[in-house]
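In: Sharing a model prediction with you, sequence too.
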Amino acid sequence: MQEEIGLLQELERIGAEAQAGLDQVADAEALATWRQTYLGKKGALTAALRSLGRLPAEERPIVGQRANQLRETLEASLEARQAQLDQQALTAQLAASAIDVRLPGRPQSLGAMHITSQTLRRIYEIFGGLGFQVFPSREVEDDVTNFQMLNLPPDHPARDMWSTFYLTDPGLLLRTHTSPGQIHAMRHYHPEPLRVILPGKCYRFEQVTSRHEFMFYQVEGLAIARNITMADLKGVLLSFARQMFGPERRLRFRPSYFPFTEPSAEADMDCALCGGKGCRVCKGTGWLEILGCGMVHPQVLRNGGYDPEIYSGFAFGMGPERIAMLKHGIDDIRLFYSADLRFLQQFA
Ligand code: FA5
């Protein structure tokens with residue numbers, strides 16, 4: 001009886017010690033040691049069971065039953081602790097490697113329309129309202145269309161104003177102005193009347209300055225019908241200038257020379273900055289040159305397929321970068337294509 005009580009107490013002690021020890025176990029390795037200590041072949045519980053033999057036969061089942069209960073309890077506790085440790089390890093691993101979703105996302109830089117494109121779209125809009133269609137034309141031209149059809153035969157002195165880049169194919173060049181597009185448009189539409197604008201890139205082999213690029217845009221305008229006069233040209237350009245720069249703008253036409261128009265003129269607009277009084281931008285004159293223009297030369301009409309006895313027309317050519325410079329007070333054309341975001345973002 002004494003033996004039985006002693007053994008039952010020993011089992012209680014082992015149980016209490018094992019449960020307390022399990023709470024201290026912090027990792028898989030310590031758990032394996034704990035298992036050996038209490039449930040292993042040489043463990044405390046096995047040792048206690050060995051001494052069962054010393055008990056009288058009728059007492060053995062009671063102690064044996066208690067010992068088995070204890071084994072089951074400890075095994076269940078072991079399993080629960082194992083699950084707890086696995087969960088802890090997983091949580092720690094997730095915390096160490098997790099993407100912190102609370103960080104702000106990296107902002108996507110948004111694209112925006114280039115200042116030249118914005119200006120071109122405004123030009124299309126204004127001329128669209130005046131009944132002009134956009135007529136796309138080629139950048140690589142032949143000498144005949146860029147020059148000869150426009151009354152600039154080889155060795156004509158006016159060619160000096162339009163030096164350009166030549167392709168290795170003989171007779172091909174990068175167009176110096178959008179005026180060769182006049183020929184393409186006329187041949188496309190004749191003998192019907194036409195009203196088109198021809199936007200696009202032009203190239204010139206010339207000194208780059210604050211007002212000159214070697215690559216720049218032009219927008220050509222061309223209207224051909226019966227009875228077109230210089231008054232139509234003036235009216236269209238004045239309407240354009242007022243829609244682009246404000247309703248109080250004025251234009252003046254200075255006689256000029258282009259081989260493909262007769263008569264020819266440069267159109268100046270009164271300086272919006274000083275209201276025509278004279279300032280730094282208009283160099284004290286009160287006027288700013290905005291484009292070249294004139295009445296289409298009879299020979300150019302003929303080259304396009306129109307009979308100059310029946311048809312007449314006007315044409316003009318403007319630089320949209322220069323228009324944008326005037327509109328936004330930009331003092332250097334080189335900024336347009338230098339890909340400097342500090343400049344470009346001002347117009348985004
Ligand atoms: C011409 O190119 C003529 N074809 C214009 C024309 C068309 C006259 C139809 C008559 C009838 P000009 O070389 O002046 O003309 O150029 C016209 C405009 O293009 C200029 O006013 C300017 O705004 C722009 N431009 C010319 N060269 C450059 C350049 N290097 N850089 C930037 N813009 C330029």
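Out: Here it is on my side, so go on. None of these values were measured; they are calculated from a predicted model.

In: Hmm, residue 3 is touching residue 60, no?
Out: No. Counting by CB atoms under 8 Å, residue 3 does not reach residue 60; the two are 10.4 Å apart. For glycine as for every other residue, the C-beta is placed from the backbone atoms N, C-alpha and C.

In: which residues in the stretch 51-200 of the chain form strands?
Out: Ranges of strands in the stretch 51-200 of the chain, per DSSP state E, counting those that start in this stretch, are 133-134, 140-142, 172-174, 194-203.

In: In TSV, list those along with distance to residue 285.
Out: TSV is the format used below for the strands of the stretch 51-200 of the chain (distance: least, CB to CB, whole Å):
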stretch	distance to residue 285
strand 133-134	33
strand 140-142	35
strand 172-174	33
strand 194-203	26
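
In: mind listing the helices for the stretch 51-200 of the chain?
Out: 60-97, 115-129, 143-146, 180-189 (DSSP state H, counting those that start in this stretch).

In: Quickly, which of these bottoms out on average pLDDT?
Out: Note on the helices of the stretch 51-200 of the chain: lowest mean pLDDT is at helix 60-97, with a mean of 86.

In: just checking, what packs against it?
Out: helix 2-24, helix 28-39, helix 44-50 (3 or more CB pairs under 8 Å, 6 or more residues apart in numbering; DSSP states H and E).

In: what is the mean pLDDT for the shortest one?
Out: Spelled out, it's helix 44-50. Regarding helix 44-50, the rounded mean pLDDT is 81.

In: Which secondary structure elements does that helix sit against?
Out: By 3+ CB pairs under 8 Å, 6+ apart, helix 44-50 packs against helix 2-24, helix 28-39, helix 60-97.

In: thinking again about what came up before, pick the most buried one from the helices of the stretch 51-200 of the chain.
Out: helix 180-189 (a mean of 22; mean count of other CB atoms under 10 Å).

In: ok, residues contacting it?
Out: 135, 137-138, 141, 145-146, 149-150, 194, 196, 198, 200, 220, 222, 224, 260, 296, 300-301, 303-306, 315 (CB atoms under 8 Å, 6 or more residues apart in numbering).

In: Out of those, which are close to the ligand?
Out: By CB under 6 Å from any ligand atom, the members of those lying near the ligand are 220, 315.

In: are any of the contacts of helix 180-189 buried, and which?
Out: 135, 137, 141, 145-146, 149-150, 194, 196, 198, 200, 220, 222, 224, 260, 296, 300-301, 303-304, 306, 315 (16 or more other CB atoms under 10 Å).

In: Tell me who's in contact with the residue of the chain found nearest the ligand.
Out: The nearest approach of the chain to the ligand comes at residue 319, 2.2 Å away (CB to the nearest ligand atom). With contact taken as CB under 8 Å, 6+ apart, residue 319 is in contact with 216, 217, 218, 291.

In: Return the residues in contact with the nearest residue to residue 190 once chain neighbours are set aside.
Out: In space, and not counting its chain neighbours, residue 190 is closest to residue 305: 3.6 Å by CB to CB, 6 or more residues apart in numbering. Applying CB under 8 Å, 6+ apart, we find residue 305 in contact with 186, 187, 190, 191.

In: of those residues, closest to residue 81?
Out: Of all those, residue 81 sits closest to residue 187, with 92.2 Å by CB to CB.
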